[in-house]
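Participant: the sequence and its predicted three-dimensional model are supplied below.
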Amino acid sequence: MISIAQAFSILENLNYSLRVVEVSLLESRNHILAETLCSPINMPPFRQATMDGFALSLQDNLEYEIVGEVKAGDIFNQVLKPGQAIKIFTGASVPHSAQAVIQIEKVSVENLTLKLQENIKPETNVRPKGAQISENDIALKKGTFLNTAAVGFLAGLGFSTVKVFQKPNIAIVVTGNELVEMGNPLPEGKVYNSNTIMLQTALLNANFERIKTYQVGDDFESTKTILEQAIAENDVVLVSGGISVGDYDFVGKALESLEVETLFYKVNQKPGKPLFAGKKENKIIFALPGNPAASLTCFYIYVLPTLQKYSGISASFGSTLEKNITHDCVVDNPRAQFLKALVSNEEVAILSHQDSAMLNSFANANALVFLPEGKYEVRQSDKVLVYTI
């Protein structure tokens, strides 16, 4: 059995083989940019009106002659003389011969005569060419997370495809004769298969969408066959259950027979002690505890940072915040603990129902409090380490 710090170090130092793919801009969302992109154009590509109003060739007089109109998408080719104006709309190109735009609320119009309430300064309500970015300037750097705004920004610059780090294909293998699918009657001695959809949801919430699911009973040959298939078809395999040392826990033996290299097995923590991590070539395999709360805890602490690093995200293991705890807590445990908790108003409270099989408190949690092993007391308002989930 190894310490949490040792487990983190092993995963941190894995050789994550990042793959680069070119995808459409829409497909690039929630990926990491694999190249630095420079703008092929100025943005905006012309002087742009920021208001509905009138573009003016400035003079000292407050009266102007209206000689035309330009709306967004059009251009006005004539040269304005001092004292002339054109009606203009937000986003439209401001003629080079116009020095300012006055908003429509600050003028009056009689026939073709425009009357200003007061003179305005040059460049008022005019967005300069290249105000957002100039041609050939860096638009986004390699390693940028392509969120909604980033995708919109690149679209505005004319990009239709970009290179990103490919996310891994992920397998969820759930084991156990006791499992029954949701929506079916529950015979005595059986439990519903909650871990598959729980892990799927966790992956989807973290923007991992390439997921295959597999299910196998408590049988060595079947377990070996399904695991061999899952490893062949995916980059990362998450096994739920069957990793302990019971008579019907065949995952460890199956992985050994498939020549999966053990990175570590068993971590000095609660819940999630029987966590396994291994690799085969460039494939990563996690065997998670079967108890749902223990499985989800190990997912947040170990699996998610691994998947993020596999996808080009600059993630780190053991990344925590410090929060003031709202209550006293007595610790007497030979293993470090990850406790379901709720952060509110910069404080954290440990929830009830900490059993590794119980998800009811996890459903109300937004954090895990980390308490090192030992015998000690934590007092109200003391700082504790918190993993946000």
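Facilitator: Cool, the structure landed.
Participant: chain center to stretch 59-75, what's the gap?
Facilitator: Relative to its parent chain, stretch 59-75 has a centroid offset of 47 Å by Cα atoms, centre = their mean, to the nearest Å.
Participant: how much space between the closest residue to A5 other than its chain neighbours and Y300?
Facilitator: By the measure of Cβ to Cβ, 6 or more residues apart in numbering, the closest residue to A5 outside its immediate chain neighbours is G318, 7.4 Å from it. For every residue, glycine as well, the C-beta is placed using N, CA and C. For G318, the distance to Y300 (Cβ to Cβ, to the nearest Å) stands at 12 Å.
Participant: and for K270?
Facilitator: When distance is defined by Cβ to Cβ, K270 is 15 Å away from Y300.
Participant: what is the least confident helix or strand in this structure?
Facilitator: The weakest-scoring helix or strand in the chain, judged by mean pLDDT, DSSP states H and E, is strand 179-180 (a mean of 87).
Participant: sheet partners, orientation included, of that one?
Facilitator: Note on strand 179-180: by DSSP bridges, its sheet partners are strand 191-192 (parallel).
Participant: tell me the buried residues in the helix or strand that the partner strand is followed by?
Facilitator: Per DSSP states H and E, the first helix or strand lying C-terminal to strand 191-192 is helix 195-205. Neighbour-count burial for helix 195-205, counted by 16 or more other Cβ atoms under 10 Å, picks out 195-196, 198-200, 202-203.
Participant: tell me the one among these nearest to S17.
Facilitator: L203 (20.0 Å; Cβ to Cβ).
Participant: that closest one against I170, yeah?
Facilitator: Yes - the criterion here is Cβ atoms under 8 Å, and L203 meets it with I170 at 6.2 Å.
Participant: give the residues shared as contacts by those two.
Facilitator: Common contacts of L203 and I170, defined by Cβ atoms under 8 Å, 6 or more residues apart in numbering, comprise 211, 307.
Participant: dump the lengthiest helix in the chain to CSV, keeping only the CA atoms.
Facilitator: Ranked by residue count, the top helix of the chain under DSSP state H comes out as helix 220-233. Taking C-alpha atoms only, helix 220-233 is exported to CSV below (Å, rounded to 0.1, in the frame of the first residue of the first chain):
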residue,chain,number,x,y,z
PHE,A,220,-12.6,-14.8,-14.7
GLU,A,221,-12.7,-15.7,-18.5
SER,A,222,-15.5,-13.2,-19.2
THR,A,223,-13.7,-10.5,-17.2
LYS,A,224,-10.5,-11.1,-19.1
THR,A,225,-12.3,-11.1,-22.4
ILE,A,226,-14.2,-7.9,-21.8
LEU,A,227,-11.1,-6.1,-20.3
GLU,A,228,-9.0,-7.2,-23.3
GLN,A,229,-11.6,-5.7,-25.6
ALA,A,230,-12.0,-2.5,-23.6
ILE,A,231,-8.2,-1.9,-23.5
ALA,A,232,-7.9,-2.6,-27.3
GLU,A,233,-10.7,-0.2,-28.2
